[in-house]
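> Sequence below, structure please.
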Amino acid sequence: MLSQLSDTADTLELWIKVQLLWQSLESVFTGGDIMKQMPLEAKKFSKIDKDWTKCMVKAEETLIVTTCCSNELLKNSLPIMYTELEKCQKSLEGYLEQKRNKFPRFYFVSNSVLLQILSRGSDYNEVQQYYEKLFDSVRRAVHSSPVKGQSSSIVGLQGISGSDVEDIVLLKPVQVQGNIETWLLKLQVQMQETMKDTCERAADDCSEMELREFVDRYPGQFALLGLQFNWTQHCTDALDRELLIVWFFFMVVLCCSLLFLLFLLFLLFLLFLLFLCMVLHWFCIGFALVLHWFCIGLPIRLSYFQVNVG
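Predicted coordinates:
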């Protein structure tokens, strides 16, 4: 009895694992675009789904847990189904990784959301709800009216914040055809080119248009950018004017300083001349005294000496 309960517990544990795997893969391989792009895995899952349905029908008929879990067909089928479902899951993960490599923004969403996007890629109306998960501030894409024999085109993007709606028209429409990652990548490139062109036009118009007209014409992001351009330009002009005034006062101060320095040099030159005049004056006085002594004083003393000696 104990051995039977232990086998029943092991069977139930494996049964639950198979059920979880089957639930996660059932919506992927039973319809949508993924089934068309992975035909081998879809065929393998279809066979597993039939075996799983037979097991569940047999379990519903039995109703007794121990009796149902001791069924040899069930005990032999569950490990095989679990192995095959794991192979399908690994193939699916490899498939999702390929899609993410082609369009890296798929890394922003979980596997379950990505599977929903890929399975509904052929219907652009079903993809509308996923744009804000892939692109920031993009609520939905604006499509053109489909022409007979041609696929629809994305002509613009729309952002919604509360009651405010903001539309941006793409430079070139993007055809919604082929794999979803292909036209989403084209949409991303066209979005970047449109943003670049809008930025260039906003930079040119921000200084020429009235503020209200400029804000009403351009999206909010570029209206803020234009205001920052204007603020920077006004600050630059103000600094240029202040720099001119400062330069003028600097030149005035420099000229005054040079004049004052020249005045000081002139005073020093006058003092030097005055000093030279005083030196020459005292030199002349000294020279006159010496000359007077030699010319007058010395002969008088000699004559006086001769009279006294005689």
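> Quick check: the gap between Glu41 and Val28.
9 Å (Cβ to Cβ, to the nearest Å). Where C-beta positions appear, they are placed from N, C-alpha and C, glycine not excepted.
> same thing with Lys172?
For Lys172, the distance to Val28 - Cβ to Cβ - is 34 Å.
> Show me what counts as buried in the lengthiest strand in the chain.
Looking across the chain with DSSP state E, the single longest strand is strand 164-175. Judged by neighbour count using 16 or more other Cβ atoms under 10 Å, the buried positions of strand 164-175 are Ile168, Leu170, Pro173, Val174, Gln175.
> cool, and stretch 112-124?
Per 16+ other Cβ under 10 Å, stretch 112-124 contains these buried residues: Leu114, Leu115, Gln116, Ile117, Leu118, Ser119, Arg120, Gly121, Ser122, Tyr124.
> Skip the chain neighbours and tell me the closest residue to the last one.
If I follow you right, that is Tyr124. Val176 (5.0 Å; Cβ to Cβ, 6 or more residues apart in numbering).
> Tell me, how many residues neighbour that neighbour?
24 (other Cβ atoms under 10 Å).
> separation between it and Tyr131?
13 Å.
> For Leu63, give me the pLDDT.
Reported pLDDT at Leu63 in the predicted model: 76.
> Phi, psi for it please.
Dihedral angles of Leu63 (phi, psi; degrees, to the nearest 10) stand at phi 70, psi -20.
> swap in the one 4 residues further on?
The phi/psi pair for Thr67 (degrees, to the nearest 10) reads phi -70, psi -40.
> same question, Ser144
According to degrees, to the nearest 10, Ser144 has phi -80, psi 160.
> pretty sure it is touching Ser153, no?
Yes - between Ser144 and Ser153 there is a contact under Cβ atoms under 8 Å: 4.6 Å.
> which residues in the stretch 151-300 of the chain form strands?
For the stretch 151-300 of the chain, the strands defined by DSSP state E, counting those that start in this stretch occupy 153-161, 164-175.
> I'd like these laid out as JSON lines, including distance to Met195 and mean pLDDT.
Shown next, in JSON lines, are the strands of the stretch 151-300 of the chain (distance: least, Cβ to Cβ, whole Å; pLDDT from 0 to 100):
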{"stretch": "strand 153-161", "distance to Met195": "10", "mean pLDDT": "85"}
{"stretch": "strand 164-175", "distance to Met195": "8", "mean pLDDT": "87"}
